[in-house]
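In: prediction below, plus the sequence it came from.
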Amino acid sequence: MSSRVQAPAISNNLLLSIIEQMKLPFVQIARQAELAQLGLEPDYRSIRTLAENGIQLIDGYSLGVQLANLNSYELTPESVSVSSVLYEADQQLQSLARLYNIQLKLNIGGRFEPVLAHRQGLQAAIIGLASALIEALPSQSAGEQSTLQLATHRCRYGIVAGVYADLPSLSSDTLKRGRRLYGNSRQPLVTVSHTTGAGIFVADTIFKAMRLKLHISRHHRLYGLGVVLQPSSQLAMI
Amino acid sequence: MSKPKNRLLLIEPDMVLAQILTTVLVPKGYTVVHAFTAQEAIMKADLSTPDLVVLELQLVDHSGIEFLYEFRSYTDWENIPVMIYSSVPPAEFNHSREIMLNQLGVKNYLYKPDTSLVEFMRKLNSLIQRTDFHNEST
């Protein structure tokens, strides 16, 4: 019952963050489309990528709100392969990464047992996190090509799924401050992103609804955002 | 005959928008130097003084206003015109409008969602012409 009462408050801040964030793809698409008026060739492929990225963010928000309104009996986790979720997210993000001169890498080496999670929610959250970092990374590297990794690895608490980059400004304090500010600030993660970073807070909301916690994570000397997932004990017994 | 005023320092954190603006500006004869952050912008301005600055206020780490204070603190750059092209609505700066116009030398404030590329170019060209006229008449 309490989760039903909290959900609208979460979604109001998130909604404000998304509204502000959505200005960016709309402006990008509008300006790109205008090039024809100036006798230049619009890049229709990038228009499509930017539109799809905006739609993914809205879908993620919608899923987050739906999941937040479910109680624990209605939220049915399933046995999910993290590697396959990251692989599908990678496929969906490649064109956005190319547009921002980011090398998107998949690091799913090692054999990991399935985890208990809401598959659609996990994928939407990973896409939200990665999209926000893809937009943010060029400012951190002065436009030089940088790398973003979608990775899974084992930690003492379970199996981590996350997104990682050379981003030392991404700290626990940054995330904590961002959580306090999002919905009220245009740049809640001011040392990381010039946008509202809405994808990160969409992921945060989805994970909360899944009774998981988004946290700062390190992997192979990279900084990132990840979630610890519990192995599916049902399958582990087989 | 004075040299053409065409060296533009574009301070834009979004790579896609920076590329679109560069695509439009270069064929019109502008030399675009792009910076993602305030710090990078100061370094690039130091390497080669711009004739004009186009500035987004939402930058990573330092805001566009902080950049302006730093930029104007150098005497060589105190008269370079600055045009703001930002996703922050101008109404949010009503309280500091006078400071922006008089102390920080902001000549135009364009709100990204409301400003077409045609309008952007019109304002930019008009600003360059006004600056040329001002420089020739002083």
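Out: In hand now; what should we look at?
In: helices of the chain, start to end?
Out: Answering for chain A, as no chain was given. Along chain A, counting by DSSP state H, helices occupy A:2-34, A:44-68, A:82-99, A:119-140, A:172-181, A:198-209, A:233-236.
In: not quite, go with chain B.
Out: B:15-25, B:38-47, B:64-72, B:97-98, B:117-137.
In: quick one: pLDDT of whichever residue of chain A sits closest to chain B?
Out: Going by C-beta to the nearest C-beta, chain B is nearest to residue A:194 of chain A, at 3.7 Å. In short, each C-beta sits where N, CA and C put it, glycine included. Reported pLDDT at residue A:194 in the predicted model: 94.
In: my guess is residue A:177 contacts residue A:188, does it?
Out: Yes - counting by C-beta atoms under 8 Å, residue A:188 is a contact partner of residue A:177 at 7.1 Å.
In: more crowded one of those two?
Out: Comparing residue A:177 with residue A:188 by neighbour count (other C-beta atoms under 10 Å in any protein chain shown), the higher total belongs to residue A:188, at 25 against 16.
In: show me what counts as buried in the strand ranked longest in chain A.
Out: If you go by DSSP state E, chain A has its longest strand at strand A:146-155. By neighbour count on 16 or more other C-beta atoms under 10 Å in any protein chain shown, the buried set for strand A:146-155 is A:146, A:148, A:149, A:150, A:151, A:152, A:153.
In: ok, what's across the strand from the residue nearest the centre of chain B?
Out: For chain B, the residue nearest the mean C-alpha position is residue B:54 (2.0 Å; C-alpha atoms, centre = their mean). With beta bridges defined as DSSP bridges, residue B:54 has these partners: residue B:10, residue B:83.
In: am I right that it is in contact with residue B:7?
Out: No - Residue B:54 sits out of contact with residue B:7 when judged by C-beta under 8 Å, with a separation of 11.7 Å.
In: show me the contacts for residue 53.
Out: I'll assume chain A. Applying C-beta atoms under 8 Å, 6 or more residues apart in numbering or on different chains to residue A:53 gives the contacts A:25, A:96, A:131.
In: right idea, wrong chain: chain B
Out: B:8, B:9, B:11, B:41, B:45, B:71, B:80, B:81, B:82, B:83.
In: of those residues, which is the most crowded?
Out: residue B:11 (29 neighbours).
In: tell me who's in contact with that residue.
Out: Here residue B:11 is in contact with B:35, B:36, B:37, B:38, B:41, B:53, B:54, B:55, B:56, B:59, B:64, B:67 (C-beta under 8 Å, 6+ apart).
In: rewinding a little: and the contacts of residue B:53 as JSON lines, adding pLDDT?
Out: Listed next are the contacts of residue B:53 as JSON lines, based on pLDDT from 0 to 100:
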{"residue": "B:8", "pLDDT": "96"}
{"residue": "B:9", "pLDDT": "97"}
{"residue": "B:11", "pLDDT": "98"}
{"residue": "B:41", "pLDDT": "96"}
{"residue": "B:45", "pLDDT": "95"}
{"residue": "B:71", "pLDDT": "94"}
{"residue": "B:80", "pLDDT": "93"}
{"residue": "B:81", "pLDDT": "93"}
{"residue": "B:82", "pLDDT": "95"}
{"residue": "B:83", "pLDDT": "95"}
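In: residue B:131: neighbour count?
Out: 17.
In: how about stretch A:24-42: buried residues?
Out: Applying 16+ other C-beta under 10 Å to stretch A:24-42 flags A:24, A:25, A:27, A:28, A:29, A:30, A:31, A:32, A:34, A:35, A:42 as buried.
In: could you find the closest non-adjacent residue to residue B:108?
Out: residue B:83 (4.5 Å; C-beta to C-beta, 6 or more residues apart in numbering or on different chains).
In: partner residues bridging residue A:146?
Out: residue A:102.
In: pLDDT value on it, please?
Out: On the pLDDT scale, residue A:146 gets 93.
In: doesn't residue A:100 make contact with it?
Out: No - using C-beta under 8 Å, residue A:146 makes no contact with residue A:100, being 9.1 Å away.
In: need the overlap of contacts for the two.
Out: A:137, A:138.
In: show me which residues of chain B sit near chain A.
Out: Residues of chain B lying close to chain A (C-beta under 8 Å from any C-beta of the partner chain) are B:13-17, B:20-21, B:23-24, B:27, B:34-37, B:40, B:56, B:58-61, B:87-88, B:112-113, B:116-118, B:121.
In: buried subset of these, written for PyMOL?
Out: Per 16+ other C-beta under 10 Å, the buried members of the residues of chain B next to chain A correspond to this PyMOL selection:
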select buried, chain B and resi 13+14+15+16+17+20+21+23+24+34+35+36+37+40+56+58+59+60+61+87+88+112+117+121
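In: quick one on the thing from earlier: quick one, the longest strand of chain A and helix A:119-140 angle?
Out: 140 degrees (axes from the mean of the first three to the mean of the last three C-alpha atoms, to 10 degrees).
In: can you find the helix or strand of chain B with the lowest average pLDDT?
Out: One helix or strand of chain B scores below all others by mean pLDDT, DSSP states H and E: helix B:97-98, with a mean of 76.
In: what sits against residue A:16?
Out: Residue A:16 neighbours (C-beta under 8 Å, 6+ apart): A:183, A:184.
In: list just the nearest of the contacts of residue B:53 to residue A:52.
Out: The nearest member of the contacts of residue B:53 to residue A:52, counting by C-beta to C-beta, is residue B:11 at 28.2 Å.
In: quick one, phi psi at residue A:143?
Out: phi 80, psi -10 (degrees, to the nearest 10).
In: I'd say it and residue B:34 touch.
Out: Yes - at 7.2 Å, residue A:143 and residue B:34 qualify as touching, with contact defined as C-beta under 8 Å.
In: how near is the residue nearest to the centre of chain B to chain A?
Out: 14 Å (C-beta to the nearest C-beta, to the nearest Å).
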